[in-house]
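S.K.: Show me how the following folds:
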Amino acid sequence: MPDTSSIKISTELKYRLNSLKVHPRETYNDLIGRLVSHASCITMHTACLQLPRICVKVL
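M.R.: From the prediction side, this is the model:
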C-alpha cells in the first residue's frame, strides 16, 4: 500500500468534495486526483482558451 497522509479540511469543504464525487463510493484520493488532473489540464490551456464568466441570479 502506498504512503498516505492526513489533512484537515472544514466540514463545508468536505460537503463540497462529496458533491463532486462521480460515485458515492469514490475515494477522496481518487476525487482529489481527478480534480488536480483537471486543474492541470486547464492551467496548461489557459493561454489559448479564455472563457467568459457568467453570473446568474436565481430567484
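S.K.: and residue 30, how many residues sit next to it?
M.R.: By the criterion of other Cβ atoms under 10 Å, residue 30 has 13 neighbours. Every C-beta, even on glycine, is put in place using the N, C-alpha and C of the backbone.
S.K.: who touches it in this structure?
M.R.: Residue 30 is in contact with no residue at all, counting by Cβ atoms under 8 Å, 6 or more residues apart in numbering.
S.K.: That one is in what secondary structure piece?
M.R.: Assigned by DSSP states H and E, residue 30 belongs to helix 28-45.
S.K.: List the buried residues in that helix.
M.R.: residue 31 (16 or more other Cβ atoms under 10 Å).
S.K.: With only the CA atoms kept, save it in CSV.
M.R.: Coordinates of each C-alpha in helix 28-45 appear next as CSV, following Å, rounded to 0.1, in the frame of the first residue of the first chain:
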residue,chain,number,x,y,z
TYR,A,28,-11.2,11.2,-1.7
ASN,A,29,-7.8,10.2,-3.1
ASP,A,30,-9.4,9.4,-6.5
LEU,A,31,-11.6,12.6,-6.3
ILE,A,32,-8.7,14.9,-5.5
GLY,A,33,-6.5,13.2,-8.1
ARG,A,34,-9.2,13.8,-10.7
LEU,A,35,-9.6,17.4,-9.7
VAL,A,36,-5.8,18.1,-9.8
SER,A,37,-5.6,16.5,-13.2
HIS,A,38,-8.4,18.6,-14.4
ALA,A,39,-6.9,21.8,-13.0
SER,A,40,-3.5,20.9,-14.5
CYS,A,41,-5.2,20.5,-17.9
ILE,A,42,-7.0,23.8,-17.6
THR,A,43,-3.8,25.6,-16.5
MET,A,44,-1.9,24.3,-19.5
HIS,A,45,-4.5,25.5,-21.9
